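Student: take this sequence and fold it.
(chains A and B)
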Amino acid sequence: MTKEKEFKRADGRALDETREIKAKVGIIKNADGSAMFSFGKSKAIAAVYGPRVLHPQHLQNPEKGILRCHYDMTPFSVSERKRPGPNRRSSEISFVTGKALEPVLQIQNYPNTVVDCYILIVEADASTRCAGINAASLALANAGLPMNELVAAVSIGKTGDSFVVDLSKEEEDFTIMKDGEEIKAATDIPISMLSRSEKISLIQLDGKIKASELKEAIALAKKSCREIIKIQKKALKEVKDN
Amino acid sequence: MPYRRENYTNREDMKEEETREMPEEIDHEKSRDIVVPGEILAKGKEILPGEGTRREGEEIVSSRFGLLDKTDRLVKVIPLSGAYIPRAGNTVIGQIVDVNFNGWNIDVLSSYQAFLPVMECFGYINKKDLTEVYDFNEILVVKIRAVKPRSIELTMKEKGLKKLEGGMLIKVNSARVPRIIGKAGSMVKTIKDETNCNIIVGQNGLVWIKGERVEDEIIAKKAIEIISEKPFEVGLTEKVKEFLEKNKKK
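Tutor: Sure thing, here's the model as predicted:
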């Protein structure tokens, strides 16, 4: 594999280039806060409701308010119809998304309440959880909730020997032939970063990677997260125009 | 017959009320910047962090998405959107959802269930049947006495608080309420005078309109919608006046 600068990916992107990013705030009228975020074909919408009364009552926390995230994909978002409703994968992503957003949200002053964050993937083309986190971060800010900072997420991949930013479906399914067998050779690392302190709130790893290489991946993620935060800020400030 | 409170109030009481429920004065005719969480708003030890901001060393950082309000010594962020957060002293409009033996549960569109005890009502109340005083689904103007970790306590023991009968109820974002009321109640007064309607604005974003004709009510409703949809416009008072003038001639 080559590491030359002219190296282009299958869709013509440079190694450290994300797909075209679109972000918009305030798309759902009935929600307290809402946003859309897309990486190329991966498109997520998020709606935030609350703080509101939490039922069933035994889930209430008298010390602080809680954040509930619900991640789901539309049946038509993937090439083969997805059975509607939560499944093992979506409940895991809901959980990690909540954990990624929790450090910024300051809802401890609203005990016994819940902030519900619904993330829906309208179109999926890899990195949907990152698009979901970005959309949720915008929606939470749009809901006027007290937040320390914003959250941005991006997926870093390793296809073959080189690191790439924002994997597409094609790159995620990258395989190599070894001893007449097809082996999955792509590594997918979703990373989310806080905007001000630049701390990492989520890091997952699917595939194989050396410990020394992980540092390189994190540095790359931080660089593109800074770009994403710029786009998020721009989207929030554009509320005035629409 | 138990003593009914609504007989007691008249129009004059209500007019006085809206000016009283004003929060701190905000000059809306000034153009402001939108800030996002984590943005640095000011630097220096002498500046104080106000609502929606925090101090991090030398810097004052925003903790909320909203409009920046900067004065010489104080920096704060005015909310633009979001759910209603109840505060003691707010006058709100709510609907009765439950009748207990000692009071009423009222939905005031906030994070907690609100409770109005019999003790906080005027006059003699027959405790055997509280539905005779306020029944299910009735709309009340009430004041928040205290906000507790699990509930909101309401009171009716003040001028202008009563049951609402007739008219129409509309919902706007609670962040737009100061704008609808205007400086010292100027905006809502303009709409009231031009349309000849009674208007009560609850801090929770519910607005009650009652006029002699339904047509007047609809014009008032449209005027309020204009305000709540275009919160950033400079010179909004003129625009609303223009709209009301235009509809009046018809």
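Student: can we go C-alpha only for contacts and neighbour counts from here?
Tutor: Noted.
Student: contacts only, for the most centrally placed residue in chain B.
Tutor: The structure's chain B has its C-alpha centroid closest to residue B:203; by Cα atoms, centre = their mean the separation is 1.8 Å. With contacts defined as Cα atoms under 8 Å, 6 or more residues apart in numbering or on different chains, residue B:203 is in contact with B:90, B:91, B:92, B:93, B:174, B:177.
Student: which one of those residues is nearest to residue A:176?
Tutor: When those are compared for distance to residue A:176 (Cα to Cα), residue B:174 comes out closest, at 57.0 Å.
Student: count of neighbours near residue B:108?
Tutor: 29 (other Cα atoms under 10 Å in any protein chain shown).
Student: for chain B, what lies in contact range of chain A?
Tutor: Chain B has residues B:34-39, B:52, B:62-66, B:79-83, B:110-113, B:149-150, B:232 near chain A, with proximity defined as Cα under 8 Å from any Cα of the partner chain.
Student: try 7 Å
Tutor: Listed as neighbours of chain A in chain B under the rule Cα under 7 Å from any Cα of the partner chain: B:34, B:36-38, B:63-65, B:79-83, B:110-112, B:149-150, B:232.
Student: now those residues: which count as buried?
Tutor: For these, a burial check counting by 16 or more other Cα atoms under 10 Å in any protein chain shown picks out B:34, B:36-38, B:63-65, B:79-83, B:110-112, B:150, B:232.
Student: next step: the residues you listed restricted to helices.
Tutor: Residues of these located in helices (DSSP state H): none.
Student: okay, and which of the residues you listed map to strands?
Tutor: B:34, B:79 (DSSP state E).
Student: out of the contacts of residue B:203, list just those in strands.
Tutor: Members of those lying in strands (criterion: DSSP E): B:91, B:92, B:93.
Student: which strand residues bridge residue A:21?
Tutor: For residue A:21, the beta-bridge partners under DSSP bridges are residue A:39.
Student: repeat for residue A:182
Tutor: Residue A:182 has these beta-bridge partners by DSSP bridges: residue A:177.
Student: shouldn't it be in contact with residue A:174?
Tutor: No - using Cα atoms under 7 Å, residue A:182 is not in contact with residue A:174, being 9.9 Å away.
Student: residues contacting the spatially closest residue to residue A:45 that is not a sequence neighbour?
Tutor: Leaving aside its chain neighbours, residue A:45 sits nearest to residue A:36 (4.4 Å; criterion: Cα to Cα, 6 or more residues apart in numbering or on different chains). Applying Cα atoms under 7 Å, 6 or more residues apart in numbering or on different chains, one finds that residue A:36 lies in contact with A:23, A:24, A:25, A:44, A:45, A:46, A:135.
Student: verify the stated contact: the fifth one with residue A:35.
Tutor: Okay, so that is residue A:45. Yes - Residue A:45 lies in contact with residue A:35 (Cα under 7 Å); the separation is 5.8 Å.
Student: more neighbours: which of those two?
Tutor: Neighbours were counted for residue A:45 and for residue A:35 using other Cα under 10 Å; residue A:35 has more, 30 against 27.
Student: which strand residues bridge the more buried one?
Tutor: residue A:25, residue A:46.
Student: you'd agree it is up against residue A:43?
Tutor: No - in this structure, residue A:35 is not within contact of residue A:43 by Cα under 7 Å, at 10.9 Å.
Student: got any residues that touch both of residue A:45 and residue A:35?
Tutor: By Cα under 7 Å, 6+ apart, the residues touching both residue A:45 and residue A:35 are residue A:135.
Student: how many other residues sit next to residue 195?
Tutor: Just so you know, I chose chain A. Neighbour count for residue A:195, taken as other Cα under 10 Å: 23.
Student: ah, I was thinking of chain B
Tutor: By other Cα under 10 Å, 23 other residues sit near residue B:195.
Student: could you check how far the closest residue in space to it that isn't next to it in sequence is from chain A?
Tutor: Of all residues not flanking residue B:195 in the chain, residue B:216 sits nearest, at 5.4 Å (Cα to Cα, 6+ apart). Between residue B:216 and chain A the computed distance is 26 Å (Cα to the nearest Cα, to the nearest Å).
Student: just the pLDDT for residue B:216.
Tutor: pLDDT, residue B:216: 89.
Student: using CSV, write down the CA coordinates of the helix or strand hosting it.
Tutor: Element membership of residue B:216 [criterion: DSSP states H and E] is helix B:214-229. Below are the C-alpha coordinates for helix B:214-229, written out as CSV (Å, rounded to 0.1, in the frame of the first residue of the first chain):
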residue,chain,number,x,y,z
VAL,B,214,-64.2,35.0,17.3
GLU,B,215,-62.7,37.0,14.4
ASP,B,216,-61.0,39.3,16.9
GLU,B,217,-59.6,36.3,18.7
ILE,B,218,-58.2,34.9,15.5
ILE,B,219,-56.5,38.2,14.6
ALA,B,220,-54.9,38.3,18.1
LYS,B,221,-53.8,34.6,17.7
LYS,B,222,-52.2,35.4,14.4
ALA,B,223,-50.4,38.4,15.9
ILE,B,224,-49.0,36.2,18.7
GLU,B,225,-47.9,33.6,16.2
ILE,B,226,-46.0,36.3,14.2
ILE,B,227,-44.1,37.2,17.4
SER,B,228,-43.3,33.7,18.3
GLU,B,229,-42.1,32.7,14.9
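Student: which residues does the helix or strand following that helix contact?
Tutor: Using DSSP H and E, the helix or strand that follows helix B:214-229 towards the C-terminus is helix B:236-249. Identification of contacts with helix B:236-249 by Cα under 7 Å, 6+ apart yields B:187, B:194, B:223.
Student: report the distance from helix B:236-249 to the chain centre.
Tutor: Averaging C-alpha positions (Cα atoms, centre = their mean, to the nearest Å) puts helix B:236-249 23 Å from its chain's average.
Student: state the mean pLDDT of that helix.
Tutor: 82.
Student: check stretch A:89-107 too.
Tutor: So the average pLDDT for stretch A:89-107 ends up being 95.
Student: let's check: the centremost residue of chain A is which one?
Tutor: Most central in chain A (Cα atoms, centre = their mean) works out to residue A:130, at 1.7 Å.
Student: can you give me the neighbour number for the closest residue in space to it that isn't next to it in sequence?
Tutor: Nearest non-adjacent residue to residue A:130, counting by Cα to Cα, 6+ apart: residue A:153, 4.9 Å away. Using other Cα under 10 Å, residue A:153 is surrounded by 32 other residues.
Student: please apply the same query to the one 5 residues further on.
Tutor: By the other Cα under 10 Å criterion, the neighbourhood of residue A:158 contains 23 residues.
Student: list the contacts for it?
Tutor: Shown in contact with residue A:158 (Cα under 7 Å, 6+ apart): A:164, A:186, A:187, A:188.
Student: any idea how far it is from residue A:212?
Tutor: Counting by Cα to Cα, to the nearest Å, the gap from residue A:158 to residue A:212 is 13 Å.
Student: nice, that's everything, thank you.
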